[in-house]
Structure formats: C-alpha cells, structure tokens
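Student: Give the three-dimensional model of this entry:
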Amino acid sequence: MSSPASHDPVRAWAESGIPHLTGRPDGPPLIPPGHAAARARELTDWIRTASAGAVDVDGAALLGERAALTGHRRQGDLTPGGSGRLLPASDGWVAVSCARPDDPLLLGALIEGEVTGDDLWPKVAAWLAGHSRADFDERAALLGIAGGGVAHGAAIADAARDALRPNGVPRPVDGLLVVDFSALWAGPLCAHLLGLAGARVVKVETPQRPDGARRGNQDFYRLLHDGHESAVLDPSIAAEREALRRLVAAADIVIEASRPRALRGFGLRAEDFVANGITWLSITAAGRDSHRIGFGDDVAASAGLVAADDAGPMFVGDAIADPLAGLIAAALAMCEPGNGTLWDISMRATVASTLGGPPSPPTRRDGDQWVVDTGSGTVPLDPPRARADGGGTR
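Tutor: Below is the predicted model of the structure:
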C-alpha cells in the first residue's frame, strides 16, 4: 500500500524513473514540474481498492516501464525514441512527431515543400521560425500531423478543464468482457490493468490496421497483452462486420483510442452502445470533438509538461501522456457506471491537470548516484524499471 510520503510529488518523481529520462544527454537528470507521478499513484490506489488488491502496482513506476525495456535514455529536446523534436516557433515552442511512414510527406505539406530524410528537420525548423504556435496547430489538425504548440500560463489551466478523475463508488471488473480497439500504449495499458483485475479482454484489430506496437519492443508488447484474446475482423466483409457489432454489443467495457470517425465508419457509434448500458472509454489526443492527433511525447509537451534550462524546453519522460491516460482510463472503468457511461478522455487535459505547484528542486550527485531532497528526506533517483513477471504485484 502507498503511504503519505510516497505521494509527495518530488519523491514520486524520484521513484518513477522519469528523471533519468528527462534532461540533456550530457547533463543531470531533472525532476519534472507538477505532480504526474503522484497522480499516477493515486490512480493505482483506486485500481487496487476496486480490484480488492488483485492489481497491486506502483503507478509512478509504470510511467517509465517501457524505457526500462527499450533502454531509452534522456535526449533533451529529442524524444527518448528519437522520432520527435521540440522546435522554436515565432511565439514559443512546438512539439512535432515524425514516427509514421507517411509523416515526412505530411510535414512536406505543412511547409509546402519537398523534404527528405536529411533535410526534414532543418526545413521544418525554418518554417516554424516564421509561424506561430497557432499557425502550426491549425495546419497540423488539418493535415493529421502529430504535434502541438507548447502551452504555458493560462493555456495550461484552460486545457486542464476537460480532465477527468475517478469518483463515486469503485467497482470490480472481475468477469466483465472488455473489447479493446486500441493500439500502442495508453489503451493497451488500460486493458492490461483490467485484465489483471479479472476481466476477459478481447483485442480487436483489422487486417488493414494491426497494432503498430507489434513492430516495437516485443517484451513490452507481451507485457501489455499477455492473457488477452485476439480477434482480427475485416469490416469490409459483411459477415465480419456483423460479428464485430455483436462482439461490441456483448461487451461490458469498450476501449477506443482513435478519433470517433474510425469506428463510426464501421457502423459502431459509441452513443448507441452506451445507451444500452456499456461503459465506453474514448482516449484521444485532445477530446472527441478535436481534430488533433498526437503521440504521448508531443501531447505531454503541448499540454505544458516540459522541463527547461537556458537552452530551452526538454521532453519529460518517455511518451508520458500515454501511461497517464491508460491509468485514468482503467480507474474510470472501475467506477460504478450507472446506466452506461461515455468517458471522453483527453490525453492533453489529463497531463495539464497535473501541472502547477512549486518549482522543481535540483538534483545532485551523492557518490555514484543522483539524489534529490524531498519533504520526507533525501532520496535517490531510481532508474526506470519493469515488473519482473508483468503481473499485478510490485
């Protein structure tokens, strides 16, 4: 069980592994701003209670778990995985991702010029230098580019207004059917936690759009999907489209991690199923009504979660918006649902709601380790770590 000291924001960061993923490659690890790691622990407290102790994980440690398996390290204004950048615009900074095969073409359309692997980032940087964050946000939403202007000040508080928190009565999910349409990290983490709590999880993919995480670190993919059933259904085939509809109709919980138009194109409207009593978890970059898309690194930065030094802002952790959103989704699924609930989970709002508070304290060397002073004493900065068995106990 967690203790009051473990929810101290600085201690939670220190024990999460995230500081080792935050900062310049040749500089010290940094304590990020805000209290995202402590929030992650609050969420796993809820999940632990709802599951009667079956899911006993440290939410703070989950934030850095992927990096523990991939070996990613801090790279400053580059994402730990290397596919994203923080670049200056005319009125601030912008986080941009280039992780998908089509992204160079989309970025070429953004700047209205041809780009190649060698000159992509210099050309994008030159375009951004002459445009505002709002200019980028508007064109990125239109083109489907993952990224956003880095929020600060009142914009962070405005983004946080759409954040959700679990409330009411925790409910067990043992024996419930979870249909998981998600991919990558946020939705699969939610499904993983619900599976540890005893739910039956069916992962659904189409032949045209398999989960991109299958091409990533295999240990991490197995960690999140072990014990789940798999269904590959082609909605362009009438019989399989009907099978897909029946599966969703039988579900107790549905996880969706794409813009609503994707499933609506299959004839699946969340509102129809919620009216029949289903809990529907919709995880998007900035809410169901937004056209923005994003990945965990650029979404977190655009929400305002960045570290900074004299050279400019730096990414915090490894795609940290993903595990935070996955944790909030799992906790919401474990709230007593009433007569059906559509949870509209904005990853950007989820991150923004963790910001605020006093400045982060500096870290320092103590022998062969980095440490930081907290309200409950000096503590070492733990490296990112993965659960040994992938299960629900720490």
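
Student: Local confidence estimate at the residue nearest in space to the middle of the chain?
Tutor: Closest residue to the average C-alpha location of the chain: Asp322 at 1.0 Å, with CA atoms, centre = their mean. You'll see Asp322 listed with a pLDDT of 98.

Student: Quick check: which element contains it?
Tutor: In this structure, Asp322 sits in helix 321-333 according to DSSP states H and E.

Student: elements contacting that helix?
Tutor: With contacts taken as 3 or more CB pairs under 8 Å, 6 or more residues apart in numbering; DSSP states H and E, helix 321-333 sits against helix 36-50, helix 59-62, helix 186-196, strand 279-284, helix 296-302, strand 341-346, helix 347-352. Any C-beta I mention is one placed from the backbone N, CA and C, and that applies to glycine too.

Student: Restrict it to CA atoms and write it as PDB.
Tutor: Provided in PDB are the C-alpha atoms of helix 321-333 (Å, rounded to 0.1, in the frame of the first residue of the first chain):
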ATOM      1  CA  ALA A 321       0.900  11.100 -21.700                       C
ATOM      2  CA  ASP A 322       0.200   7.500 -22.800                       C
ATOM      3  CA  PRO A 323       0.600   5.700 -19.400                       C
ATOM      4  CA  LEU A 324      -1.100   8.600 -17.600                       C
ATOM      5  CA  ALA A 325      -4.100   8.300 -20.000                       C
ATOM      6  CA  GLY A 326      -4.100   4.500 -19.700                       C
ATOM      7  CA  LEU A 327      -4.200   4.700 -15.900                       C
ATOM      8  CA  ILE A 328      -7.000   7.200 -15.800                       C
ATOM      9  CA  ALA A 329      -9.000   5.100 -18.300                       C
ATOM     10  CA  ALA A 330      -8.600   2.000 -16.100                       C
ATOM     11  CA  ALA A 331      -9.600   3.900 -13.000                       C
ATOM     12  CA  LEU A 332     -12.700   5.300 -14.700                       C
ATOM     13  CA  ALA A 333     -13.600   1.800 -15.900                       C
END
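
Student: Now do it and helix 186-196, the angle between them.
Tutor: 40 degrees (axes from the mean of the first three to the mean of the last three CA atoms, to 10 degrees).

Student: how about the helix or strand in which Asp137 is found: buried residues?
Tutor: Counting by DSSP H and E, the element that carries Asp137 is helix 133-143. For helix 133-143, burial by neighbour count (16 or more other CB atoms under 10 Å) applies to 133, 135-137, 139-141.

Student: for stretch 193-205, same thing?
Tutor: For stretch 193-205, the neighbour count (16+ other CB under 10 Å) marks 193-197, 199-205 as buried.

Student: Kindly report the same for stretch 264-275.
Tutor: Applying a neighbour-count criterion of 16+ other CB under 10 Å, one finds 266, 268, 270, 273-274 buried in stretch 264-275.

Student: For the closest residue to Phe136 other than its chain neighbours, give the beta-bridge partners.
Tutor: In this structure, Phe136 finds its nearest non-sequential neighbour in Val94, 5.1 Å apart by CB to CB, 6 or more residues apart in numbering. Per DSSP bridges, the residues bridged to Val94 are Leu87, Gly149.

Student: I figured Val94 hits Ala151, correct?
Tutor: No - Val94 is not in contact with Ala151 according to CB atoms under 8 Å; the separation is 11.0 Å.
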